[in-house]
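In: Let me see the structure of the following:
(chains A and B)
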Number of protein chains: 2
Amino acid sequence: MDILNRIEQALSAIINLHDVPGAPPRLAAAVRHAVFPGGARIRPQLCLAVAMACGDDDPALADATACALELLHCASLVHDDLPCFDDAAVRRGRPSVQAAFGEPLAVLAGDALIVMAFQALGYAAGRSPQRLAPLLATVASATGMPAGIVAGQAWECEPRVALADYQRAKTGALFAAATAAGAQAAGAEAQAWRPLGERLGEAYQVADDIRDVLSEPDVLGKPVGQDAALGRPSAAHQLGLDGAIRHFDGLVAGAIAAVPECPGAPLLRALVRAESERLVPRAWCEDVARRVAA
Amino acid sequence: MDILNRIEQALSAIINLHDVPGAPPRLAAAVRHAVFPGGARIRPQLCLAVAMACGDDDPALADATACALELLHCASLVHDDLPCFDDAAVRRGRPSVQAAFGEPLAVLAGDALIVMAFQALGYAAGRSPQRLAPLLATVASATGMPAGIVAGQAWECEPRVALADYQRAKTGALFAAATAAGAQAAGAEAQAWRPLGERLGEAYQVADDIRDVLSEPDVLGKPVGQDAALGRPSAAHQLGLDGAIRHFDGLVAGAIAAVPECPGAPLLRALVRAESERLVPRAWCEDVARRVAA
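Out: Residues are numbered from 1 along each chain as shown, chains lettered A, B, ... in the order given. From the prediction side, this is the model:
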């Protein structure tokens, strides 16, 4: 089974376990809407790719870890789209949860997804109970205070914020957790895998800034120019478009160099390269370079 | 150390672990505001009392479990007070988190508290790693879908709801988890302890309905008549005030009868009696009886 099929099946299984008779039907529908159909599933792909590179000796735990990261990512998107943040009507090219189900169910669907992420870890720990506490710590610290994705979003509510702190928490934390937890799920040491996730997370955020400036609404599936409109810190505004693209290329090269030597290294490097092309297509960069030179 | 001191110290310790340099200062302040000063801390008290009745052989894990339940309760209050639900300006006699910090930080503080609850469990599982997965399952299922407190709140967004389903999830779930998880934290069988929590949870919800109708704003610290104003299902409206009080008394008697025989049983029964008097003072009941007879 390829990695993406494995992720979709594991996500379906965990959602089906909670979307049962007795659940409030609209909440269950909102939770499902938040997770399916998904985006690129890059965090769980990264997590599983690292688990496989580390031997994948407990596939159920690796699947659960990948699911936990994706559920937390989906929860953050649902809450980010709330009227008090981005007030986004569109997500992944269709109505956001708050647009489709209303604000109250968007708050609660996000809450339920956060809880479900930790449940997924707990259910799957039967074979390797000693791995649960460290996994929980890695996944939770990428999510909460002081430096997880919730804290990242909270930096938007502070009068002063450093771009690096904001991006490290808002995006980088879950990427670094994806590689670290992927290793932990397979019983490997997390530390060697963290730099790969950190660099990819930074690259992903820079790519998002670039795409926010460059892309068309139908390409990204959300309104453009959000960062500027909301006064959010953005690499594309700090470095200029050309500088941001060079920064992105440097981060991708750094991520590729950070893949530890192991049997799975070629697969991981290929995943990073494919993802970087998906995020910032070479054709865009050449177009920008032409415009800068002109 | 008495139970309440133990709870406050454990809550302080877990908050201090996350409110560190590098955390967004306003988010950290909002999280602290949501937890201190607390309410009656009845869920963690119940949890610790059961752990003590079961031998309390791993006090750090029992403390963490009690904290997790209280953090989840605080998270639910913060989200319930949001403009899209109760729009409450006052909680525990002072500004609610959303009134003091704004809606965005109230959403994020609730999220951070949910995550912190699971982190607390993970940190404390070092001595008894095999207890972590079942504890996580108990605490999480009392919180999320299909029948935890998040689902309970979501029943308010459904066109049809049965009072019993709503209350079992909205309030009962966390009480039942308090007794079950208290036992699990001490290495005991959870099942025997669940009926005590279930009955107390039901009693607590009925008491809330009674208080909502009867009490003065300065007694409860929040505006009265909320249930009727928001069209929420309420025992006091379904059974009448007199019937609701008799229902409450029956539930308290049932809870006392459900305490399993053990060395800690007298302490637990005394806790239940004291809590029932705090919730629905005998003087109120006599006043209602007089008015019904008149």
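
In: For chain A, which segments count as strands?
Out: A:90-91, A:94-95 (DSSP state E).

In: which stretches of chain A have low pLDDT?
Out: A:1, A:215-233, A:292 (pLDDT under 70).

In: can we see that at 90?
Out: Applying pLDDT under 90 to chain A picks out residues A:1, A:160-168, A:170-171, A:202, A:205-206, A:208-243, A:261-267, A:271, A:281-294.

In: Next one: residue A:69 from residue A:60, what distance?
Out: Going from residue A:69 to residue A:60 by Cβ to Cβ, to the nearest Å gives 15 Å. All C-beta spots, glycine's among them, are computed from the backbone N, C-alpha and C.

In: With neighbour numbers in mind, choose between the two.
Out: Taking neighbours as other Cβ atoms under 10 Å in any protein chain shown, residue A:69 and residue A:60 compare with residue A:69 leading, 30 against 15.

In: now that one: how far from residue A:208?
Out: 18 Å.

In: ok so, going back, highest average neighbour count across the strands of chain A?
Out: strand A:90-91 (a mean of 19; mean count of other Cβ atoms under 10 Å in any protein chain shown).

In: Give me the sheet partners of that strand and which way each runs.
Out: Strand A:90-91 has its sheet partners listed here by DSSP bridges as strand A:94-95 (antiparallel).

In: so who does the closest residue to residue A:4 other than its chain neighbours touch?
Out: The shortest distance from residue A:4 to any non-neighbouring residue, by Cβ to Cβ, 6 or more residues apart in numbering or on different chains, is to residue A:41 (6.4 Å). With contacts defined as Cβ atoms under 8 Å, 6 or more residues apart in numbering or on different chains, residue A:41 is in contact with A:4, A:7, A:8, A:70.

In: burial count for the nearest residue to the last one once chain neighbours are set aside?
Out: Across the structure, with Cβ to Cβ, 6+ apart as the measure, the residue nearest residue A:70 apart from its sequence neighbours is residue A:44 (4.5 Å). Residues contacting residue A:44 under the criterion other Cβ under 10 Å number 29.

In: quick one: which of the contacts of residue A:41 is nearest to chain B?
Out: residue A:70 (15.9 Å; Cβ to the nearest Cβ).

In: Which residues are in contact with the closest one?
Out: Counted by Cβ under 8 Å, 6+ apart, residue A:70 has contacts A:7, A:11, A:35, A:38, A:41, A:43, A:44.

In: Give me the subset of those lying in helices.
Out: Judged by DSSP state H, the subset of these located in helices is A:7, A:11, A:35, A:43, A:44.

In: quick one: which of those residues is nearest to chain B?
Out: Of these, the one sitting nearest to chain B (Cβ to the nearest Cβ) turns out to be residue A:35, at 12.2 Å.

In: so how far is chain B from residue A:178?
Out: Note on residue A:178: its distance to chain B, by Cβ to the nearest Cβ, to the nearest Å, is 17 Å.

In: Could you report the neighbour count for residue A:234?
Out: With other Cβ under 10 Å as criterion, residue A:234 counts 23.

In: these two touch, right, it and residue A:211?
Out: No - with contact defined as Cβ atoms under 8 Å, residue A:234 does not reach residue A:211; the gap is 10.9 Å.

In: ok, back up a step: need the contacts of residue A:70 in JSON lines with distance to residue B:261, can you?
Out: As requested, these are exported to JSON lines (distance: Cβ to Cβ, whole Å):
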{"residue": "A:7", "distance to residue B:261": "49"}
{"residue": "A:11", "distance to residue B:261": "45"}
{"residue": "A:35", "distance to residue B:261": "46"}
{"residue": "A:38", "distance to residue B:261": "52"}
{"residue": "A:41", "distance to residue B:261": "52"}
{"residue": "A:43", "distance to residue B:261": "50"}
{"residue": "A:44", "distance to residue B:261": "49"}
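
In: Next, format the strands of chain A as CSV and append distance to residue A:127.
Out: Formatted as CSV, the strands of chain A follow (distance: least, Cβ to Cβ, whole Å):
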stretch, distance to residue A:127
strand A:90-91, 36
strand A:94-95, 38
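
In: Go through those strands and name the closest to residue A:30.
Out: For those, proximity to residue A:30 was assessed by Cβ to Cβ; strand A:94-95 is nearest, at 11.1 Å.

In: Show me how far that closest one is from its chain's centre.
Out: For strand A:94-95, the separation from the chain centroid amounts to 19 Å (computed by Cα atoms, centre = their mean, to the nearest Å).

In: which residues of the stretch 151-294 of chain A fall in helices?
Out: Applying DSSP state H, counting those that start in this stretch to the stretch 151-294 of chain A gives helices spanning A:163-167, A:173-185, A:194-214, A:217-220, A:226-229, A:235-257, A:265-279, A:282-293.

In: and the angle for the third one with helix A:235-257?
Out: Using axes from the mean of the first three to the mean of the last three Cα atoms, to 10 degrees, the direction of helix A:194-214 lies 150 degrees away from that of helix A:235-257.

In: what angle separates helix A:194-214 from helix A:173-185?
Out: Using the same axes, to 10 degrees, helix A:194-214 lies at 150 degrees relative to helix A:173-185.

In: repeat for the last one
Out: Between the axes of helix A:282-293 and helix A:173-185, defined by the same axes, to 10 degrees, the angle is 140 degrees.

In: Same question for helix A:282-293: list its buried residues.
Out: Residues of helix A:282-293 classed as buried by neighbour count (16 or more other Cβ atoms under 10 Å in any protein chain shown): A:284, A:285, A:288.

In: same for it, what does it pack against?
Out: Under the contact definition 3 or more Cβ pairs under 8 Å, 6 or more residues apart in numbering or on different chains; DSSP states H and E, helix A:282-293 sits against helix A:194-214, helix A:235-257.

In: ok so, going back, nearest to chain B among the buried residues of helix A:282-293?
Out: So of these, ranked by how close each gets to chain B (Cβ to the nearest Cβ), first place is residue A:284, at 32.4 Å.

In: Could you tell me which residues make contact with the closest one?
Out: A:210, A:214.

In: how much space is there between it and residue A:250?
Out: 17 Å.

In: Ok, residue A:187 next?
Out: In terms of Cβ to Cβ, residue A:187 sits 33 Å off from residue A:250.

In: what does residue A:153 give?
Out: 26 Å.

In: One more: residue A:137?
Out: On the measure of Cβ to Cβ, residue A:137 and residue A:250 end up 31 Å apart.

In: Which one's more surrounded, those two?
Out: The neighbour count for residue A:137 versus residue A:250, taken as other Cβ under 10 Å, is higher for residue A:137 (20 against 14).

In: on that earlier part again, quick check: which of the strands of chain A is nearest to residue B:48?
Out: Judging the strands of chain A by Cβ to Cβ, what sits closest to residue B:48 is strand A:90-91, at 42.5 Å.
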